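**Student:** Kindly return the folded structure for what I paste below:
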Amino acid sequence: MLLCGVLCCIALVGIDQLTKYLAVARLAGKAGVPVIPGVLELFYLENRGAAFGMLTNRQWFFVAVAAVMLAAAVYVYLRLPAGRHYLFLRLICILIASGAAGNMLDRLFRHYVVDFLYVSAIDFPVFNVADCYVCVGTGLAVLALFTLYREEDFSFLTPKKKARET
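**Tutor:** Model (predicted):
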């Protein structure tokens with residue numbers, strides 16, 4: 001399971017980085033390109049902050065947040081019991097880890113995140129594939145927590161108490 005998870009993360013981060021490379025190569029310095037006129041366009045943006053430009057130029061803060069997200073997703077993934085019951089949680093961990101890693105790579109090597117997807121119909125902030133991974137993973141986690149899993153399904157996250165020797 002671990003090898004499968006690692007390979008999936010590598011593939012997803014690769015897709016994210018490829019789309020960002022293409023955005024830099026084909027969109028930088030150009031006007032937006034309509035994909036669905038009035039709804040969705042490709043629009044190049046160098047994001048040095050968070051959504052809506054919050055915390056601009058605080059790259060190390062965002063790298064730290066991404067590292068914590070990545071570490072948490074890896075921790076949960078490694079602790080997940082074997083079995084089909086936890087397959088959905090494995091997918092969620094892979095999505096969140098891949099999204100965090102994709103944007104963290106941008107911040108470490110470019111010092112900004114490449115965004116290029118713009119939903120013009122609702123004037124939504126420009127985003128990228130890694131953002132989609134994190135948002136979809138988080139949305140699925142909320143859905144799973146309320147519908148598929150019960151509190152006792154997460155007992156694997158609590159440390160085992162050692163019996164006291166008397």
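**Student:** Can you give me the distance of the residue nearest the centre of the chain to residue 8?
**Tutor:** Nearest to the mean C-alpha position of the chain, by Cα atoms, centre = their mean, lies residue 99 at 2.2 Å. In this structure, residue 99 lies at 13 Å from residue 8, with Cβ to Cβ, to the nearest Å as the measure. Yep, even glycine has a C-beta here, placed from its N, CA and C like the rest.
**Student:** Now do the shared contacts for the two.
**Tutor:** With Cβ atoms under 8 Å, 6 or more residues apart in numbering applied, the contact sets of residue 99 and residue 8 do not overlap.
**Student:** any idea how far residue 73 is from residue 134?
**Tutor:** Taken as Cβ to Cβ, the spacing of residue 134 relative to residue 73 amounts to 10 Å.
**Student:** what about the protein, any weak spots by pLDDT?
**Tutor:** Regions of the chain meeting the criterion pLDDT under 70 cover residues 51-54, 161-166.
**Student:** Longest helix in it, please.
**Tutor:** In the chain, ranked by residue count with DSSP state H as the criterion, the top helix is helix 2-27.
**Student:** buried residues in that one?
**Tutor:** Buried residues in helix 2-27, counted by 16 or more other Cβ atoms under 10 Å: 5, 8, 9, 12, 13, 16, 17, 19, 20, 23, 27.
**Student:** Go ahead and confirm the fourth one touches residue 94.
**Tutor:** Yes - using Cβ atoms under 8 Å, residue 12 is in contact with residue 94, at 7.0 Å.
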